[in-house]
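Engineer: Quick one: sequence and predicted model below, then my questions.
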Amino acid sequence: MSTGQAPHTGTDPHTGTDAWKGGGMYLREVPVKVENLSVAYRSGGRDITVADNVSFEVEAGRTLAVVGESGSGKSTVAGTLLGHLRHGSRITSGSVEVAGRDVFSLGGRDLRALRARDVAMVGQNAGNALTPSMRVGTQLEEALMARVPARAERRAEARTLLEKVGLPEPDRIGRRYPHQLSGGQQQRVAIAMALAARPRVLVLDEPTTALDVVTQARILDLVAGLSAELHLATVLVSHDLGVVARMADEAVVMREGAVVEAAPAADLFTAPRHPYTRRLLASVPRVSDAGLAEVGEDGTRTVRDRAPVPEEAPEAVSLEDVVVQYGRSRAVDGVSLGLRRGEVLALVGESGSGKSTLAWSLAGLRAPASGRMRLHGEQEGDLAAGARKRPPELRRRIQLAFQNADTSLNPRRIAREAVRRPLRFFGLASRSDADTRARGLIEDVALAPALSDRLPQQLSGGQRQRVGIARALAAGPDVVVADEITTALDVSVQASVLALLDDLRTERDLAFVFISHDLAVVRGIADRVAVMKDGRVVEEGPVGAVFTGPNHPYTRRLMEAVLEPDAAGGAGLGHGAADRTDRTEGAARADSAADAAGEGGGGSVASGSGAAEGTAEGEWIDLGGGHRIRRGGE
């Protein structure tokens, strides 16, 4: 597929000359050409095709998005731009040309030179891309060696790159190891490393998956600015259609290895032609949805009603003035929250806000420095102790579903063994019964029984995440802490996993602590929301009240940064979700209260908008119905 766009008419920043053809015309600079590309691997004595006759071009200064579900072949195609194929795969037809060179005809030395100077990639999981035993500053300086020989200049430029990607205190960040950074911070370091070589072609494979909405907006603006400045040809692989709408000039939709639709991005979002494209767009969660979306085969979209939490539902967990420290730094600072049986409490906020630390402390992975954490029910339990010091029964009742199922599952153990282990560890099943129980749990999370005998690498991302959920359920918990469990999933798989969680909540009367930076997902799955900033809760309330009237200035900023596909055809740009949310009269009054909170003043709240519990900074303004905001600015 050719992009079919007007030719570039400017100076090539890499050569300093215009690509002049004569007769008043400029040549198109096309750093990326993929023609009739097919990729396959051998299995059972036959070829399994993962990319089938794929063609596209990307001009300098343009961004092409490749979208599709897990297993569609989009990451395989992106990898070929760097000459990378998974073990056992091979090119069966076609060619890949980058910066004027046929990638798969290059020898090892020339291929390394291409990767060092002309093409760079930012992968989905920065934690795997960074060397765990090297400080991030040293790794960034290493990426600069091919272009900046002097050590002092490399160090200065590394610091500048860390500042450009929005990392605070770059000198301090540069001295840290990858495990000492949050997921969002790791991703920003990976983007800085990719940009260090000033490449002509930039491949972004799910680059903002681990980022909160504010950081995502900053990174997308950064990449767009650098793409324009350096005249980059950018290939964006993403399941986040809001990001695609914001960034892409053209889009290619893939399914089962084949391109089913290719069009300018604005046309794709306003008038999708293929039924598969329509289903993908319909599956995207919206902040205006008052529940989870369900999509039919024809792309028809409905929103399922949420079963309300009964008023008499007993409390499952209570937290009072919880403080969690790393050295002298307070990652969680005086948080008080409650959670009822059958309820989903969402923790939202930017990377580093303390939401994951609070959840890990609840699960026993980091003991609080002070405060009270209690598990309620038939047997009361003190959660202030770390997991190793908790009685087995208490440990069993709170389970954690991890963000990255790839690394949380043992790669040498089949899925059934991963689910069976909690059953045996907590003495819930005999050796003979454990296999049967494990198979039943795998079926409960809507996986085919045959998949229980597969290794993690033989499962898709969505399937691995379901195995992780089944493992958490195996212990028979009262509370499940779900830490960004849908972050890496494409929209259709994400929708099915969210529906599964909602069903489990009602069927098993489970309480969930749901951590996410995707506010549209939170809108559909949560009953209550707590917004965290710098380790403190700045707003808390029922999900409807928070989303129809984002009151605290920080909450408002999070809302305005949300990206959604622009069905109205805004030239491929996503718009702040808050601009599209209908605000009720009550929400408008709540915003007036928020303005008072943001100013940190001691004035009273306007009549009808809620009564302030106090006037000093740091105290709360009560808006009624369990909705409250912290007094004080950002």
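Structural biologist: That came in fine, so what should we check first? Numbers count the residues shown, from 1 in each chain.

Engineer: who's in contact with the closest residue in space to residue 69 that isn't next to it in sequence?
Structural biologist: Using Cβ to Cβ, 6 or more residues apart in numbering and skipping residues adjacent in sequence, the residue nearest residue 69 is residue 490, 4.7 Å away. Where you see a C-beta, it was placed from the backbone N, CA and C, and this is true even at glycine. For residue 490, the contacting residues are 68, 69, 70, 239, 461, 462, by Cβ atoms under 8 Å, 6 or more residues apart in numbering.

Engineer: Among those residues, name the ones in helices.
Structural biologist: Among these, the members falling in helices (DSSP state H) are 461, 462.

Engineer: quick one: secondary structure of residue 272?
Structural biologist: Classification of residue 272 into helix, strand or coil gives coil, according to DSSP: H, G, I helix; E, B strand; the rest coil.

Engineer: what sits against it?
Structural biologist: Residues near residue 272 by Cβ under 8 Å, 6+ apart: 261, 278, 281.

Engineer: The residue nearest to the second one when sequence neighbours are not counted and residue 492: what is the separation?
Structural biologist: Yep, that's residue 278 we're talking about. If you skip the residues right next to it in sequence, residue 278 has residue 299 as its closest partner in space, 3.5 Å away by Cβ to Cβ, 6+ apart. In this structure, residue 299 and residue 492 are separated by 11 Å, where distance is defined by Cβ to Cβ, to the nearest Å.

Engineer: overlap in contacts of the two?
Structural biologist: Between them, residue 299 and residue 492 share these contacting residues under Cβ under 8 Å, 6+ apart: residue 279.

Engineer: could the contacts of residue 272 go into TSV alongside pLDDT and secondary structure?
Structural biologist: As requested, the contacts of residue 272 are exported to TSV (pLDDT from 0 to 100; DSSP: H, G, I helix; E, B strand; the rest coil):
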residue	pLDDT	secondary structure
261	95	strand
278	90	helix
281	90	helix
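
Engineer: Quick one, which of the residues you listed are buried?
Structural biologist: When neighbours are counted using 16 or more other Cβ atoms under 10 Å, these contain these buried positions: 261, 278, 281.

Engineer: residue contacts, the second one?
Structural biologist: Contacts for residue 278 were tallied using Cβ under 8 Å, 6+ apart; they are 272, 298, 299.

Engineer: Looking at these, spot the one nearest residue 477.
Structural biologist: Taking Cβ to Cβ as the measure, residue 477 sits nearest to residue 299 out of the contacts of residue 278, at 36.7 Å.

Engineer: so what's that closest one scoring on pLDDT?
Structural biologist: At residue 299 the predicted local confidence, pLDDT, stands at 80.

Engineer: That one and residue 282 touch, don't they?
Structural biologist: Yes. Residue 299 is within contact range of residue 282, at 4.8 Å (criterion: Cβ atoms under 8 Å).

Engineer: okay, the two: which has more neighbours?
Structural biologist: Comparing residue 299 with residue 282 by neighbour count (other Cβ atoms under 10 Å), the higher total belongs to residue 282, at 20 against 17.

Engineer: you'd agree that one is in a helix?
Structural biologist: Yes. Remark: residue 282 belongs to a helix, assigned using three-state DSSP.

Engineer: follow-up on the earlier one: phi, psi for the residue nearest to residue 278 please.
Structural biologist: Dihedral pair for residue 299: phi 90, psi 0, per degrees, to the nearest 10.

Engineer: Show me the shaky parts of the stretch 101-250 of the chain.
Structural biologist: Within the stretch 101-250 of the chain, the stretches falling below the threshold (pLDDT under 70) are 210.

Engineer: What segments of it are helices?
Structural biologist: Defined through DSSP state H, counting those that start in this stretch, the helices belonging to the stretch 101-250 of the chain, from first to last, are 108-117, 126-129, 136-144, 151-164, 170-174, 183-196, 213-230, 241-247.

Engineer: for those, which one sits closest to residue 313?
Structural biologist: helix 213-230 (30.3 Å).

Engineer: Tell me, please, where in the stretch 451-600 of the chain the pLDDT is lower than the cut-off.
Structural biologist: Counting by pLDDT under 70, the ranges of the stretch 451-600 of the chain that qualify are 566-600.

Engineer: per-domain residue ranges of the chain.
Structural biologist: Recorded structural domains for the chain (assignment: automatic domain parsing) are 128-198, 309-526, 529-563+583-634.

Engineer: wait, which of these is closest to residue 76?
Structural biologist: Closest approach to residue 76 among the domains of the chain (Cβ to Cβ): domain 309-526, 13.5 Å.

Engineer: For the closest one, what is the spacing between the initial and final residues?
Structural biologist: Chord length of domain 309-526, first to last residue, is 11 Å (Cα to Cα, to the nearest Å).

Engineer: the strands in the stretch 451-600 of the chain, which residues?
Structural biologist: Assignment of strands within the stretch 451-600 of the chain using DSSP state E, counting those that start in this stretch yields the ranges 479-483, 511-515, 528-533, 536-542.

Engineer: Same list (those) but as a markdown table, adding mean neighbour count and distance to residue 303.
Structural biologist: Conversion of the strands of the stretch 451-600 of the chain to a markdown table gives the following (neighbours: other Cβ atoms under 10 Å; distance: least, Cβ to Cβ, whole Å):
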| stretch | mean neighbour count | distance to residue 303 |
| --- | --- | --- |
| strand 479-483 | 25 | 21 |
| strand 511-515 | 25 | 18 |
| strand 528-533 | 24 | 18 |
| strand 536-542 | 23 | 17 |
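
Engineer: now these as a markdown table including distance to residue 208?
Structural biologist: Listed next are these as a markdown table, based on distance: least, Cβ to Cβ, whole Å:
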| stretch | distance to residue 208 |
| --- | --- |
| strand 479-483 | 18 |
| strand 511-515 | 17 |
| strand 528-533 | 20 |
| strand 536-542 | 24 |
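
Engineer: Of these, which is nearest residue 352?
Structural biologist: Nearest to residue 352 among those is strand 528-533; the distance by Cβ to Cβ comes to 9.6 Å.

Engineer: so the closest one versus strand 536-542, what angle?
Structural biologist: 160 degrees (axes from the mean of the first three to the mean of the last three Cα atoms, to 10 degrees).

Engineer: Give me the sheet partners of strand 528-533 and which way each runs.
Structural biologist: strand 344-348 (parallel), strand 536-542 (antiparallel) (DSSP bridges).

Engineer: ok, and what's touching the last one?
Structural biologist: Strand 536-542 is contacted from outside by 333-337, 354, 527-532, 546, 550-552, 554-555, 623, 625-630, 632, using Cβ under 8 Å, 6+ apart.

Engineer: List only buried entries from those residues.
Structural biologist: Buried subset of those (neighbour count, 16+ other Cβ under 10 Å): 333, 335, 337, 354, 527-532, 546, 550-552, 554-555, 623, 627-630, 632.

Engineer: So which of those sit within helices?
Structural biologist: Those of the buried ones among the contacts of strand 536-542 lying in helices (DSSP H): 546, 554, 555.

Engineer: Make CSV out of those residues and add distance to residue 304.
Structural biologist: Output for these, formatted as CSV (distance: Cβ to Cβ, whole Å):
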residue, distance to residue 304
546, 20
554, 30
555, 26
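
Engineer: closest to residue 154 among the residues you listed?
Structural biologist: Proximity of these to residue 154 was ranked by Cβ to Cβ; the top entry is residue 554 with 36.5 Å.

Engineer: is it true that that closest one touches residue 532?
Structural biologist: No. Counting by Cβ under 8 Å, residue 554 sits too far from residue 532 to count as a contact (9.3 Å).

Engineer: dump the residue contacts of the most centrally placed residue in the chain.
Structural biologist: For the chain, the residue sitting closest to the mean C-alpha position, by Cα atoms, centre = their mean, is residue 209 at 3.1 Å. Remark: with contacts taken as Cβ under 8 Å, 6+ apart, residue 209 is in contact with 124, 187, 240, 487, 488.
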